[in-house]
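J.: quick one, structure for this:
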Amino acid sequence: MSIDLQQHLDTAKQYVGQQYSEELRAELANKTGLAVRPRGIGYIMTRDYNPARINLLVENEIITHVTMGN
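T.: Next up, the predicted model:
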């Protein structure tokens, strides 16, 4: 992972523990300039791989984990 992507991942990790909302997703996308996608029950899953996408794992409306790609 490039240094820039690692910095974006570190920024996204600051959102762990917060309640997920579309506004929060848009805020993170604006901060990083990357695509941001929620993952979990009730969210659409695609099979495309984008190494520069931030994935927010959402459980019971709370962001519990953050990854890049997938």
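
J.: in stretch 22-40, what counts as buried?
T.: 24, 25, 28, 32, 34, 36, 37, 38, 39, 40 (16 or more other CB atoms under 10 Å). The way it works is simple: take the backbone N, C-alpha and C, and place the C-beta from them, glycine included.

J.: any idea which of the residues you listed is closest to residue 49?
T.: Checking the buried residues of stretch 22-40 against residue 49 by CB to CB gives residue 37 as the nearest, at 12.1 Å.

J.: which elements pack onto the helix or strand containing that closest one?
T.: Assigned by DSSP states H and E, residue 37 falls within strand 35-39. In terms of contacts (3 or more CB pairs under 8 Å, 6 or more residues apart in numbering; DSSP states H and E), strand 35-39 is packed against helix 22-32, strand 53-59.

J.: for the worst-scoring helix or strand of the chain on mean pLDDT, the distance to its chain's centre please.
T.: In the chain, the helix or strand scored least confidently by mean pLDDT, DSSP states H and E is helix 3-13, which has a mean of 90. Centre-to-centre, helix 3-13 and its host chain are 10 Å apart (CA atoms, centre = their mean, to the nearest Å).
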